[in-house]
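Q: Below are the sequence and a predicted model; questions follow.
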Amino acid sequence: MNNKFKQLLSLVALAALLVTQACSPKTGPDTIFINGEVYTVDNDNSKVQAVAVTNGMIEAVGTTDEISKLAGSNTKIVDLAGMTMTPGIIESHAHLMGIGYNKLELDLMYVKTYDELVEKVAEAVAKAEPGQWITGRGWHQDKWIEKPDVMEKGFQTHDKMSAVSPDNPVYLRHASGHATFANAKAMEMAGINRLSIESLSGEVEGGEIIKDKLGNPTGVFTERASSIVGKLVPQETPERADQALEMAIQELLEKGITSFHDAGSGQAFIDRLQRFKAEGKLKVRQYVMLTGRQPELLEEWYEKGPMIDPDHMVTVRSIKLNCDGALGPRGAWLLEAYTDRPDHYGHETLPMETVNTVSEKALATGFQVCSHAIGDRANREILDRYEASFKKYPNINPKDVRFRIEHAQHLNVDDIPRFGQMGVIAAMQAVHMSSDRPWAIDRLGKARIEEGAYVWQKLLQSGAKIINGTDAPVEPVDPLPSFFASVARKTLQGFPEGGFEPDQSMSRDEALRSFTIDAAFGEFEEDFKGSIEVGKAADFTVFDKNIMTIPEMEILDTKVAMTIINGEILYEKGE
C-alpha cells in the first residue's frame, strides 16, 4: 500500500469519525491519538494504532477503530497519519543548566580545529568589554580533524588563544566537563606561573596542571585542578539562570524528552525547579540527584529524607558522587596505565571512603546513590564499596535500592557480572561510543576495548538494566544519535561498516526500553510511566519516521514531530 493511498484512507477515516462525533452527545476521552504506529513497550512489546487519554492518563489503547468509538462530542482528535509514537523519552543522565548555559556562552561542541576555537574566542573578545570573562564549553582535542602544531600530553597550549585575548580572561570547559582551558590573563589572575605551580600542588590533588617540557603551564587543567581558575569566574545572576533554564526546557521539548534525570545539582537548582513548577513553566518532569560535592547539603537532606513529588514533576531521592575523571583528558581511573601515557593511571576525584559513608547514610535514609565511574578501577572500587554497604544492612535487598553507576564505560571483565548480581543499574550514554571509540582505543589498547568497553550485551546478559542518555551538554541532548549508537555501534558518519564490536549492540527493542521503561525503573517510576499502558501517564514522543524499522543511517535523519506530556502536546514540529 503506497503512502498516498494510506493518507487517503486516513483522511476518510478521520472524516467519518468527525461526523460520528458531531452526532454524539456522550462524554468521551479528552484526547484520542489515532492512525499511528504505536510501540507500547509493555511486557509483550505490543504494537497498537491508537491511544485514548483522560486527565493526563492513558484510558485505552487499541486499533484506530476501537479507540475512535470512544470519542465524545468534546474529544480532541489527533491524527498521527502513520507517524511513530513511543512512550515519552526519558533522559537518564544529563545536566539541565549546562544545556541552557551552552546557549548563552561560547558553544564549542562543533569546533573542528584549534584555530577555529581561537577564532570564536577572538569574535567574543571583539564584543566584550576589557576585563570581561569569556566562558564556554564543548572543545575536545581528540575530535579535531587537524591537530595543533604544538601539543603537550595530548593537549593544545594557550599561546594562540592568549594572543587574541590579552585583556580578557578566558575559561573554556572541555566537552567532558573534566578539563578546562585558560588563557594567560586568567592564569595571571589566578597566580599561576612556572614558579607558582609547585606551591599549588596541594590544591590539585585529584587533578593536574598540564605543563610543557620547561615546566610552564599550558593553560590546560584536568579534574579538580580546574577550580584554581574556575573559582574566579563571576557567579551567575538569578536572571541569567532563569533564562538558561527556560532555554533548556524548550530544548528538551524539541528533542522529544518528557522526563529528565539531572546528574548532580544543589539546593538553588531545586528551588528554581519548584518555582518554575509553581509558575507553570517547568513542563518536563525532573528527577534530581543531589551533588555529592556539598557534604553539608547531603546532611540536610539525610535529616529530612527524599522529596517524592505526588505530581511527578520534581523528585529528589538520589545522590550523585563524582569518583573519577573522563577518558578524553586521561582522567578516568584505570587498573593499568594508559596505553598512550604509560606513566599515568587517571584520577580518583574523591576519597573512596566517601562512597562508603554516603552509601551507608543513603541506605539508612531512603536515598539512591548514583556514582560517576568511567575507568575500570573506579567501577571496581564503587562496586566493592556498594557491596560492603549492603552487607551492613542485611535486611535491605540490594536490588530494591537501585544504586547506579553513571557511565560504567570501561569495565574489567571480572566486574561485569556484579552489576546483575547486585542489582546495580548501568546508566550509560551510548552516543559516547560513537564519539569516543575511534580514539579511545589509543587510550586503552585493543584488548581492554574489546573485553570491557561499552559492553551493553554483556551487562544485559548479567541481568543488569541499562538506562540511556546523552550526558548533555557533553553531547547534544538529542536522543536519536544515542539510539542510533545503541543499535549500530558506529560513528555518526557511519564508520565502520558493521560497527565497532557489533556483538555488543542492542536490539532496537532493547534500545527503546533503555530510554523508556528501564529509564523509568532507574527513578522508581516504572509503575507511573515508561510504557503505553492503561493507567499510566500520557507521556509520548512522536517521530516522523519509524525508528524501529528504517535503515540504521536514517535514524539520524529522523525528527521529533510531537512531544506530549500529561496528554498535552507541548511541542509540535513546524509550530
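A: That came through, no problem.

Q: hey, where'd the strands end up in the stretch 451-575 of the chain?
A: 466-468, 540-543, 560-565, 568-572 (DSSP state E, counting those that start in this stretch).

Q: Output those strands in a markdown table, with mean pLDDT and mean neighbour count appended to each entry.
A: Just so you know, the C-beta spots here come from the backbone N, C-alpha and C atoms, and that holds for glycine as well. Output for the strands of the stretch 451-575 of the chain, formatted as a markdown table (pLDDT from 0 to 100; neighbours: other Cβ atoms under 10 Å):
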| stretch | mean pLDDT | mean neighbour count |
| --- | --- | --- |
| strand 466-468 | 98 | 28 |
| strand 540-543 | 98 | 25 |
| strand 560-565 | 98 | 23 |
| strand 568-572 | 98 | 17 |
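
Q: in the stretch 401-550 of the chain, which ranges drop under the pLDDT threshold?
A: Scanning the stretch 401-550 of the chain for pLDDT under 70 picks out nothing.

Q: Would you state the helices of it in chain order?
A: All helices of the stretch 401-550 of the chain, identified by DSSP state H, counting those that start in this stretch, fall at 416-422, 431-452, 456-461, 479-488, 508-515, 517-521.

Q: give the contact list for K529.
A: Contacts for K529 were tallied using Cβ atoms under 8 Å, 6 or more residues apart in numbering; they are P87, G88, I90, T258, S259, R285, H312, A520, K536, A537, D539.

Q: Buried only: go through those for me.
A: Buried by 16 or more other Cβ atoms under 10 Å: P87, G88, I90, T258, S259, R285, H312, A520, K536, A537, D539, out of those.

Q: The fifth one and F528, how far apart?
A: Looking back up the chat, that one is S259. 10 Å (Cβ to Cβ, to the nearest Å).

Q: so the residue lying closest to Y39 once chain neighbours are set aside is in which element?
A: For Y39, ignoring the flanking residues on the chain, the nearest one in space by Cβ to Cβ, 6 or more residues apart in numbering is T86 at 5.1 Å. Assigned by DSSP states H and E, T86 belongs to strand 84-87.

Q: Check M289 too.
A: Per DSSP H and E: strand 285-291 holds M289.

Q: Could you check the helix or strand that that strand is followed by and say which residues are buried?
A: Sequence-wise, the next helix or strand downstream of strand 285-291 (DSSP H and E) is helix 295-304. Buried positions in helix 295-304, judged by neighbour count with 16+ other Cβ under 10 Å: L297, L298, W301, Y302.

Q: can I get those residues in TSV with distance to N546 and pLDDT?
A: Listed next are the buried residues of helix 295-304 as TSV, based on distance: Cβ to Cβ, whole Å; pLDDT from 0 to 100:
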residue	distance to N546	pLDDT
L297	45	98
L298	45	98
W301	43	98
Y302	47	98
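
Q: Can you redo those residues as TSV, where the extra columns are distance to M161?
A: Listed next are these as TSV, based on distance: Cβ to Cβ, whole Å:
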residue	distance to M161
L297	35
L298	38
W301	41
Y302	44
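
Q: which residue sits closest to T75 in space, ignoring its chain neighbours?
A: Nearest one to T75, counting by Cβ to Cβ, 6+ apart, is G28 at 4.2 Å.

Q: now A94
A: Using Cβ to Cβ, 6+ apart, the nearest residue to A94 is A472, at 4.2 Å.

Q: Report the separation between that neighbour and S226.
A: A472 is 19 Å from S226, by Cβ to Cβ.

Q: who's more crowded, these two?
A: A side-by-side neighbour count of A472 and S226, using other Cβ atoms under 10 Å, places A472 first with 28 against 25.

Q: ok, now which ones touch that one?
A: A472 neighbours (Cβ under 8 Å, 6+ apart): E91, A94, H95, G98, I99.

Q: what residue ranges in this protein score low on pLDDT?
A: In the chain (pLDDT under 70), the answer is 1-25, 198-204.
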